[in-house]
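Engineer: With the input below, show me the fold.
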Amino acid sequence: MKFSEAGPVTSMAEAECWDQLSAMTLGRLVTSSDSKPDIFPVNFVVQRRTILIRTAEGTKLAAVSLNPWVAFEADDHDVARGWSVVVRGHAAVLDSAADIALAEKAQVLPWTATAKQRFIRIEPTGIVGRRFAFGSEPS
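Structural biologist: The predicted model follows:
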């Protein structure tokens with residue numbers, strides 16, 4: 001992880017946000033339906049500066065179909081430092097053969113031994129990231 005000594009919280013440039021996301025495989029998808037938020041841990045990959053999620057039929061697909069505006073977050077940390085990246089954007093369930101073929105090349109691997117034959121792609125409208133240096137609260 002790259003970190004600045006500039007202060008306890010620093011912003012990341014867009015390119016660094018994508019670099020950090022590209023090194024991860026677990027994130028959180030935030031959806032909203034019926035004015036109620038929901039959050040799901042998901043396996044993902046970055047493909048062409050989009051977030052690609054592989055999933056099974058169910059709640060995530062239904063939520064994205066009802067309201068495609070989502071947020072996505074991934075983070076990491078050690079004992080001294082951490083980072084977090086949030087992507088906001090438009091999610092779509094992939095259904096064309098060409099889109100699915102491209103998604104399959106990304107090799108999003110599920111954690112569990114369940115059939116996950118569907119893909120969701122998040123096209124970002126915004127991305128922000130921050131780095132954190134852990135420590136005591138200032139006096």
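
Engineer: excluding its backbone neighbours, what's nearest V64?
Structural biologist: A91 (4.5 Å; CB to CB, 6 or more residues apart in numbering). All C-beta spots, glycine's among them, are computed from the backbone N, C-alpha and C.

Engineer: okay but that neighbour is in contact with P68, surely?
Structural biologist: Yes. Between A91 and P68 there is a contact under CB atoms under 8 Å: 5.0 Å.

Engineer: ok, those two, which is more surrounded?
Structural biologist: Neighbours around A91 and P68, counted as other CB atoms under 10 Å, are more numerous at A91. The numbers are 24 against 16.

Engineer: and whichever helix or strand that one is part of, average pLDDT?
Structural biologist: Element membership of A91, judged by DSSP states H and E, is strand 81-93. Mean pLDDT, strand 81-93: 97.

Engineer: Direction included, what does that strand pair up with?
Structural biologist: Strand 81-93 has its sheet partners listed here by DSSP bridges as strand 69-77 (antiparallel), strand 118-133 (antiparallel).

Engineer: how far out from the middle of the chain is stretch 129-136?
Structural biologist: Chain-centre distance of stretch 129-136: 20 Å, with CA atoms, centre = their mean, to the nearest Å.
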